[in-house]
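>>> Pasting a predicted model and its sequence here:
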Amino acid sequence: MLGKVKISGGGRCNVTHACYEPIPFTKHYPRGERNLIGPLHRWGATETIEWFRGRDVELKTEPDGRMFPTSDRSESVIAALEGAARERGIEILTKHEIESASQVDDRFQIECKNGESFTTGSLLVATGGVRSAAGANIARKFGHNVIPAAPSLFTFKIDDPRLAELSGLSVETVAICVPGTKLKSSGPLLVTHWGLSGPAVLKLSAWGARELQEAGYCFEITVDLVPDFTSEQVERELLEARENYPKKRIRSGLPVFPLPSRLWQRLVEHSGIAEDTTWSSLSKDSRRALANQLSGAVFRVDGKSMNKDEFVSAGGINLREIDFKTMQSRLVAGLYFAGEILDIDGVTGGFNFQSAWTTGRIAGESVADKLR
């Protein structure tokens, strides 16, 4: 139970994001943006922060807006959630894998693989993404359309000499796009031993989850390593370096472009510039080749990679079939859905947990209201 909470954020749990207005918050959801506006007005980041604070879990904000418990331990979040359940006398049953669910009159019948069964007037399904067959099967049983899962928030496998042995190196801000599509993103970039990662790549994979799946995860990306400069400005800076640093070797770098030195050297090599070439002896063709590497480096992606434990997927129950005022099914009275089983997914940064807290809260209140 709460396994994803335990491992998320490297064991720290990225609870939510420091964005307190619903509409800007929803801009971080490739799927589910419009549906979440109303729910986030009722239970958004502010309410989440206050709820955990009321259970002695203070959250802190990191420079990029991610919010973690000040303890830096996901166990703090787990303890708060489990404690709230105990306070309300909620019985938590483990080792009760669901075999089937059906409805007789106005009651739901739940059969477990261990032979036990339960009847209830309301059924809330929050089984996680539709990779898990249990929740998807229940939804289909009751007539819901379940959109197939597609990996989201994955990194790119790239075998390229420009990246070889640079694992761990990062660039503060880049712009990435997939030529021939509308897919683009920006943010920090991280070189890994298998290719490229970091927020810029993860965001691109989230927005392009379906499109990149259809491409078989084989496509090209263009990376602008100096997005604060236009391509013309990049060429101008390289040309001016001829005047400002005539005797300096090009491989030593250029202050105006604060890239990691090892990456800069790889780009210089890839541009066909000899190791001892100085700025004064740089040819026009070589200058243009280097400018292209800085503002439009092309890489071939051949596959994806991800941490399966922190897997996020697009796909789930068709959102048109859910009443977001209550999270109740529009097809079956008394049936509710919350969390990742819905076709909602956000980019990295606490957005996926927030949609789970939000939809779970609203669904829980709706079920409770029926019991009153």
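Cool, got the structure. Predicted model only: the values in this text are computed from it and were never measured.
>>> Excluding sequence neighbours, find me the nearest residue to residue 128.
residue 340 (4.9 Å; C-beta to C-beta, 6 or more residues apart in numbering). Every residue, glycine included, has its C-beta placed from N, CA and C.
>>> Please disregard the earlier target; I meant residue 29.
residue 346 (4.7 Å).
>>> count of neighbours near that neighbour?
Residue 346: 27 surrounding residues under other C-beta atoms under 10 Å.
>>> Make 343 the starting number, not 1.
Taking 343 as the first residue, the last one we looked at is residue 688.
>>> quick one: it from residue 588, how far?
Counting by C-beta to C-beta, to the nearest Å, the gap between residue 688 and residue 588 amounts to 50 Å.
>>> just residue 707 next, same as before
Distance, residue 707 to residue 588, using C-beta to C-beta: 71 Å.
>>> coming back round to it: mind checking the backbone torsions on the residue nearest to residue 371?
For residue 688, the backbone dihedrals (degrees, to the nearest 10) come out as phi -120, psi 170.
>>> Thought residue 696 was touching it, still the case?
Yes - proximity of residue 688 to residue 696 meets the contact threshold set by C-beta atoms under 8 Å, at 7.5 Å.
>>> where does the chain have low pLDDT?
343, 649-653 (pLDDT under 70).
>>> how does it divide up, domain by domain?
345-435+465-492+652-713, 496-647 (automatic domain parsing).
>>> The first one: how far from the chain's middle?
It stands for domain 345-435+465-492+652-713. 14 Å (C-alpha atoms, centre = their mean, to the nearest Å).
>>> distance between the ends of that domain?
End-to-end distance for domain 345-435+465-492+652-713, by C-alpha to C-alpha, to the nearest Å: 29 Å.
>>> Stretch 518-526 now?
For stretch 518-526, the end-to-end distance is 5 Å (C-alpha to C-alpha).
>>> can you list contacts of it?
The contact list for stretch 518-526, computed with C-beta atoms under 8 Å, 6 or more residues apart in numbering, reads 517, 527-528, 531, 542-543, 546, 549-550, 553-554, 561-566.
>>> Please settle this for me: is the residue nearest to residue 470 part of a helix?
Yes - secondary structure of residue 682 (DSSP: H, G, I helix; E, B strand; the rest coil): part of a helix.
>>> got the contact list for it?
470-471, 654-655, 658, 694, 698.
>>> between these, which is nearest residue 496?
Nearest to residue 496, judged by C-beta to C-beta, of those is residue 654 at 8.8 Å.
>>> ok, that closest one to residue 459 distance?
33 Å.
>>> out of these two, which sits in the busier spot?
Higher neighbour count among residue 654 and residue 459: residue 654, with 22 against 11, using other C-beta under 10 Å.
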